Each structure stands twice: as C-alpha cells, then as structure tokens.
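1. the following comprises the amino acid sequence and a computationally predicted model.
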Amino acid sequence: MRPIPLVDLRAQYAAIGPEIRSAIDGVLASARFINGPDVSSFEQKFAAFCDAEFAVGVGSGTDALTLALQALDVGPGDEVITTANTFIATAEAIVAVGAAPVFVDVDPSHFNMTAETLSAAVTPRTRATIPVHLYGQPAPMAEIVEVAARHSIKVIEDASQAHGAEYDGKRVGSWGDAAAFSFYPAKNLGAYGDAGAVVTNDEQIAAAVRMLRDHGRTDKYLHEYVGVNSRLDTLQAAVLGVKLSHMEEWNEARRAVAAKYDAGLGEFARLTLPARMRGGRHVYHLYVVRTDRRDELSQSLSDSGIGVGIHYPIPLHLQPAFRSLGHGMGDFPVSERLAASILSIPMYPELSDTQLSRIVQTIGAFR
Ligand SMILES: *Cc1c(COP(=O)(O)O)cnc(C)c1O
C-alpha cells in the first residue's frame, strides 16, 4: 500500500501548479527580485487575512520573532516569558536580542500558556511575553493580554503554526503588540523555502521592522539603525500570494479532517484526542494524540507506512542549549508528560477519506 506522509506538499502542488508557475514567471519576467510589488501586495493581503493593519515580510519565522523583539526594544537585562513546550526558535529569538528566556509550563488540555502561568512568572525585569499558538490552537489571548497590560509588558504572539486561527472571534496576529508568522514550507501557509512576517496594528513597530529587516535603512544609503538583511524573498512572496487565496478553504479542509479523526478515534479508550478550546478556532497545523504507549503506536504506524512525528520530544528547559538556565527534570511537569506521550498523525488539507480510514483502522488494530 502507498505510504501516507505526515504532510504532503506534493499533493498541494499538484492542485495549484499552474497558478504557482505563472506567479513565478511573472517575477522572472519583471526581474524585480528584491522587494517590489509582489512583496507589498502579499504584505497587504496577509495583514487583511489577520485582521491587522500591517504585515512586514521577513526572511523566516525566527527572524520575525527576533525583529519584533528588537522593534519593541527588548534587549539585555530584560526577561521574556514563553512556554517550555514549543519549537526552539521561540526561545532562540529571545537569546538573539540579548534578553533572558523565562519558561513557564503549559495547560494540560490545550498545551498553551495561560494567564495564570504567565502571571506567576512576572518579575520586575519582565519586559515581554511570547505566547505560542501551538499546533494551530490559539492561546487564551483575551486573558493573556489583560495580564500583560496589568504588568505593562509587551505581547508578541508566536503564530507560526496558526495562520487564520481565532480566539473570541478575533484572528491571531491581531491580539498582541506584534505577532510573528513563519512560512516554512510545512506550515499552514508555506513558501517554497524560508519566509516569515511580522504582523502588527502599531505603525511604529511596522516601520521599525521594515527598517531593521533591510539594513536599518531609511533611504538607499542612509541607515538609521544597524539592521540585518532579512527581507522576504520576492519569489517566495509571489508563491505566498497564490497560496494565501486558498488559505480559508485549506484551513476548513484541515478542520474537516480533524472532525473525522475525532469521530473515528473517539472510541479508543487509551487515546486522548486534541481538545478544542472554548472560544477558539483551531486550524490544526498538527493533529496530536496522546497515549501512554506512544512509542509502540508510533512504531506500528510507521510499519504500516503512515507518517508520524513528535512535536516536540524534548521540552526547551531540558535542551542542552539551555543548560545554563539550570533547569532539571520535574521543573515543568506538564510539558515533560506531553513530550513522553504525544504523537502527530498525518494532517493536511488533501488527506482523503480512504487515507483517513486506513489511519483510523491501523490505530484501532494497534489497540
Ligand atoms: C516554525 C516555527 C518557528 C520558526 O519558523 P522558521 O520560519 O522556521 O524560522 C517559530 N516558532 C514556532 C512555534 C514554529 O513552529
């Protein structure tokens, strides 16, 4: 039987190939490879998609986080609170600007930061927090933004996995002072290479990121800051412009796949299915189940040609890269329990009913 991958970017390309090639041809013909109308048009459309005023394209999601922190003037001496249960880039950005990452544990049902965990970690040195909308599920932003306002700390959403997700009917990316999006190929909105964006409603933050991403320049050879080169590649912007027009439909297809998994897997007692938060619109970047026999289930699916993943196997506080923070096992028990029991199963808009039934049956047979 044909393998079913965890993510199938070829299936997506098969559906949109002609549109993509025509957009790329347009850039090649114009020979505008740096910035240009494809970049600004994508930025405008992506800001609108997020119900926000501004989007500034950058080189990656990691750079989006770093430049957003810089634009908010977060640096040495500052603490930035984020969760232990995220991809390392969230914390790398904090270190990159010279600030100190402070980890908190996550909620056991939705795997994200809560207002309570955030509030408990605030110190006089806290300057900002980076809530992550993990797996496409929004963090409880109304409550988080309220705690942040009470302590005068900035909020940068890490929305790298949550393009189009909503909390209380409001899109992620429009809640914080700024938000970082990744367009890594496998994300819900993915380029054909590295790309990212900072989204904000604050004109000054948008202007600062626009300068910082392009050598701190205000004019061709006038440099207001020491910046970096992290522009959104024009070919990638053209690809993203095409893909953005399919995003609502693709997110709905992901939600439909998730609903079928929920129905098909619900009866398996040893499996915990992803909870859907009240007031949240989950866009299922990943569909993550939990079981105390994770390694066996993972092996059994792999043996049947079904793609699996663990996002993420080692919480950040236990990563060698953060050993200087002095954490140990037991510091963030929820994140540690999750790391030992989570399993991502195939999730992409093109996943067919036949493929889905085979996955559900294979999991059922494992039981
Ligand atoms: C993908 C991802 C990033 C980093 O994005 P890149 O574009 O790969 O740099 C940051 N945070 C989270 C939560 C991610 O999933």
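-> Looks like it came in fine. Residues are numbered from 1 along each chain as shown.

2. and residue 343, backbone torsions?
-> Phi and psi for residue 343, reported as degrees, to the nearest 10, are phi -150, psi 130.

3. just list the residues touching it, thanks.
-> Applying Cβ atoms under 8 Å, 6 or more residues apart in numbering, one finds that residue 343 lies in contact with 288, 289, 290, 291, 294, 297, 298, 301, 308, 309, 310. Where you see a C-beta, it was placed from the backbone N, CA and C, and this is true even at glycine.

4. any idea of the pLDDT on it?
-> Looking at residue 343, its pLDDT reads 98.

5. beta partners for it?
-> residue 289 (DSSP bridges).

6. if we can go back for a sec, show me which of the contacts of residue 343 is closest to residue 58.
-> Distance to residue 58 across those (Cβ to Cβ) is lowest for residue 309, with 25.9 Å.

7. thought that closest one was touching residue 5?
-> No. Look at residue 309 against residue 5 with Cβ atoms under 8 Å: they stay out of range, at 10.2 Å.

8. and the residue in the chain that the ligand sits nearest to, what does it touch?
-> Ranked by Cβ to the nearest ligand atom, the top residue of the chain for proximity to the ligand is residue 61, at 2.5 Å. Neighbour list for residue 61: 89, 158, 160, 180, 181, 182, 183, 184, 187, 196 [criterion: Cβ under 8 Å, 6+ apart].

9. ok, back up a step: can you tell me which of the contacts of residue 343 are buried?
-> 288, 289, 290, 291, 294, 297, 298, 301, 308, 309, 310 (16 or more other Cβ atoms under 10 Å).

10. so which of those residues also contact the ligand?
-> Counting by Cβ under 6 Å from any ligand atom, nothing from the buried ones among the contacts of residue 343 sits close to the ligand.

11. out of those, who's nearest residue 358?
-> Of these, the one sitting nearest to residue 358 (Cβ to Cβ) turns out to be residue 301, at 10.4 Å.

12. residues contacting that closest one?
-> So residue 301 contacts 307, 308, 343, 345, 359, 362, 363, 366 (Cβ under 8 Å, 6+ apart).

13. now these as CSV including distance to residue 272 and secondary structure?
-> Formatted as CSV, those follow (distance: Cβ to Cβ, whole Å; DSSP: H, G, I helix; E, B strand; the rest coil):
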residue, distance to residue 272, secondary structure
307, 20, coil
308, 16, coil
343, 10, strand
345, 13, strand
359, 17, helix
362, 18, helix
363, 13, helix
366, 15, helix
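
14. just give me the closest of those residues to residue 113.
-> Using Cβ to Cβ, those come closest to residue 113 at residue 343, 22.4 Å.

15. compute the first-to-last residue distance for stretch 243-250.
-> When the termini of stretch 243-250 are compared using Cα to Cα, to the nearest Å, they are 10 Å apart.

16. how far away from the center of its chain is that stretch?
-> 17 Å (Cα atoms, centre = their mean, to the nearest Å).

17. in that stretch, what's buried?
-> 243, 244, 246, 247, 250.

18. so which helix or strand takes in the last one?
-> If you go by DSSP states H and E, residue 250 is part of helix 247-265.

19. parallel or antiparallel, list what pairs with the helix or strand just after that helix.
-> For helix 247-265, the succeeding helix or strand toward the C-terminus, using DSSP H and E, is strand 280-281. Using DSSP bridges, strand 280-281 pairs in its sheet with strand 166-167 (antiparallel).

20. contacting residues around the strand it pairs with?
-> 138, 139, 140, 141, 142, 172, 175, 277, 279, 280, 281.

21. of those residues, closest to residue 94?
-> Looking across the contacts of strand 166-167 and measuring by Cβ to Cβ, the closest to residue 94 is residue 139, at 16.8 Å.

22. isn't there a helix covering that closest one?
-> No. Counting by DSSP: H, G, I helix; E, B strand; the rest coil, residue 139 falls outside a helix, being coil.

23. what's the burial count for it?
-> 33 (other Cβ atoms under 10 Å).

24. list the residues that contact it.
-> Here residue 139 is in contact with 110, 112, 113, 114, 131, 132, 133, 157, 167 (Cβ under 8 Å, 6+ apart).

25. among the residues you listed, which lie within strands?
-> Applying DSSP state E to the contacts of residue 139, the entries found in strands are 157, 167.

26. out of the contacts of residue 139, which is most surrounded?
-> residue 131 (33 neighbours).

27. mind listing what it touches?
-> By Cβ under 8 Å, 6+ apart, the contact set of residue 131 is 82, 83, 112, 113, 118, 139, 141, 144, 155, 157, 158, 176.
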